[in-house]
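> I would like to see how this sequence folds:
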Amino acid sequence: IRSNGFKLHLGRSRLDIRKNFLTRRVCQVELDMMPDAFDDQYIGCEREMDGIAPGLLEIEKSNSSQFRTAWENSEEQWQNVKTKISLPPGFKDEYGRAIITYSDNDFHAELNWAVRKNGKSRADYMDNFHLKAFHYYLTRALQLLKGNCAVMYSKTVYRGTTVSHTGSGTVRFGFFASSSFDRDVAEQFGKATVFTIHTCFGIDIRNFSHIPEEEEVLIPVHEKFNMSPGQERNSFILRSTNQTCSHFNCAYQKSEQNNKWDSGKLESHILYRKSESPAI
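A predicted model of the protein is given here:
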């Protein structure tokens with residue numbers, strides 16, 4: 001069911017859901033490096049996580065009927081989507097279904113709330129973060145779909161919010177951040193702060209989304225941006241540094257939290273070669 005271009009879930013649109021998520025607890029947010037976010041990139045443990053995640057996924061589905069329904073509903077669309085698009089080597093069905101699930105259900109607000117606050121320590125993640133498999137699948141999907149930075153960076157995307165933001169310098173969103181190629185769409189989600197974004201790691205998910213008219217680009221938790229004021233009041237420009245920064249890597253297997261696992265340490269990894277941001 002759609003209303004004004006948005007899919008409804010129990011009478012609520014994604015627009016209503018995201019507004020509720022943003023306003024129910026805070027009225028102003030300082031955007032910084034978001035140190036409490038769970039930001040694992042799973043570099044070097046992909047094979048191990050592919051083996052562990054299916055069992056975790058079953059637990060996660062049994063713990064949340066909302067998530068279970070959303071995940072099960074992604075199957076039919078994924079079977080249709082994967083026959084129509086070109087996918088990179090190693091791209092598993094679970095990765096595609098994670099993107100579809102994220103776009104389809106209001107559970108994504110709860111995912112992002114957990115991502116933002118359950119990275120204080122490995123113990124915090126292990127004890128309190130209950131979407132471990134889903135986080136892995138979604139993170140891995142965005143990694144494998146990443147293309148050339150210069151191409152994506154040249155395409156401006158926008159994010160509108162219902163809360164005021166402050167901040168400057170180097171920042172991360174610290175959650176999976178939805179944005180849109182269409183500024184009008186972005187501003188339907190809020191005008192308290194409007195971000196103009198040049199991303200390297202964000203992924204165009206229109207081919208996956210249940211709501212392609214939103215022209216959504218999904219930005220991962222760990223991408224680093226330089227933040228500066230925009231020309232309009234309550235607006236900011238975010239320019240990707242073409243780097244990532246994580247405080248965790250392979251946290252499910254390891255007993256210690258990493259100290260800023262950034263992409264500068266990963267030059268040998270094909271997905272994370274460090275480079276300068278391209279010019280706009």
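> does R159 sit in a helix, a strand or a coil?
strand (DSSP: H, G, I helix; E, B strand; the rest coil).
> let me redo that: K224
strand.
> need the contact list for G90.
For G90, the contacting residues are L144, by C-beta atoms under 8 Å, 6 or more residues apart in numbering. No exception for glycine: its C-beta is placed from N, CA and C like everyone else's.
> Tell me the secondary structure at it.
coil.
> and the gap between it and Y42?
13 Å (C-beta to C-beta, to the nearest Å).
> Same question for E60.
Using C-beta to C-beta, E60 is found at 17 Å from Y42.
> So the two - more neighbours on which side?
When E60 and Y42 are compared for neighbours, Y42 comes out ahead with 22 against 19, by other C-beta atoms under 10 Å.
> Provide the backbone phi and psi angles at the more buried one.
Main-chain torsions, Y42, degrees, to the nearest 10: phi 60, psi 40.
> so it makes contact with Y136?
Yes. Counting by C-beta atoms under 8 Å, Y42 does reach Y136; the two are 6.1 Å apart.
> Which neighbours do the two have in common?
M49.
> So which elements touch whichever helix or strand F134 is part of?
Using DSSP states H and E, F134 sits in helix 132-145. For helix 132-145, the packing partners by 3 or more C-beta pairs under 8 Å, 6 or more residues apart in numbering; DSSP states H and E come out as helix 46-63, helix 93-104, helix 107-117, strand 203-204.
> following that helix, which helix or strand comes up?
helix 149-153.
> helices or strands next to that next one in the packing?
Packed next to helix 149-153, using 3+ C-beta pairs under 8 Å, 6+ apart, are strand 235-246.
> Just checking: what are the partner strands of the strand it packs on?
Note on strand 235-246: by DSSP bridges, its sheet partners are strand 193-198 (parallel), strand 223-229 (antiparallel), strand 261-262 (antiparallel).
> Any chance of TSV for those strands, columns mean neighbour count?
Listed next are those as TSV, based on neighbours: other C-beta atoms under 10 Å:
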stretch	mean neighbour count
strand 193-198	22
strand 223-229	19
strand 261-262	20
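> Quick one: mean pLDDT over stretch 118-133.
On average, the pLDDT along stretch 118-133 is 97.
> how deep is the nearest residue to S62 once chain neighbours are set aside tucked in, by neighbour count?
Using C-beta to C-beta, 6 or more residues apart in numbering and skipping residues adjacent in sequence, the residue nearest S62 is R68, 7.3 Å away. A count of nearby residues for R68, using other C-beta under 10 Å, gives 16.
> sorry, back to before: so which of the strands paired with strand 235-246 gets nearest N128?
strand 261-262 (20.7 Å; C-beta to C-beta).
> Would you tell me which of the strands paired with strand 235-246 gets closest to S180?
strand 193-198 (9.8 Å).
> give the contact list for the residue nearest to the spatial centre of the chain.
Compute the mean C-alpha point of the chain, and by C-alpha atoms, centre = their mean the closest residue is F176, 2.2 Å away. By C-beta under 8 Å, 6+ apart, the contact list for F176 reads 102, 108, 111-112, 115, 138, 218-221.
> and those as JSON lines, adding distance to V29, pLDDT and neighbour count?
Formatted as JSON lines, the contacts of F176 follow (distance: C-beta to C-beta, whole Å; pLDDT from 0 to 100; neighbours: other C-beta atoms under 10 Å):
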{"residue": "Y102", "distance to V29": "21", "pLDDT": "95", "neighbour count": "26"}
{"residue": "H108", "distance to V29": "18", "pLDDT": "85", "neighbour count": "23"}
{"residue": "L111", "distance to V29": "18", "pLDDT": "92", "neighbour count": "21"}
{"residue": "N112", "distance to V29": "13", "pLDDT": "94", "neighbour count": "22"}
{"residue": "V115", "distance to V29": "14", "pLDDT": "98", "neighbour count": "23"}
{"residue": "L138", "distance to V29": "22", "pLDDT": "99", "neighbour count": "25"}
{"residue": "L218", "distance to V29": "19", "pLDDT": "98", "neighbour count": "24"}
{"residue": "I219", "distance to V29": "16", "pLDDT": "99", "neighbour count": "25"}
{"residue": "P220", "distance to V29": "18", "pLDDT": "99", "neighbour count": "24"}
{"residue": "V221", "distance to V29": "15", "pLDDT": "98", "neighbour count": "28"}
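> any chance of the residues you listed in CSV, plus distance to H247?
Below are those laid out as CSV (distance: C-beta to C-beta, whole Å):
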residue, distance to H247
Y102, 22
H108, 22
L111, 18
N112, 17
V115, 12
L138, 18
L218, 21
I219, 18
P220, 14
V221, 11
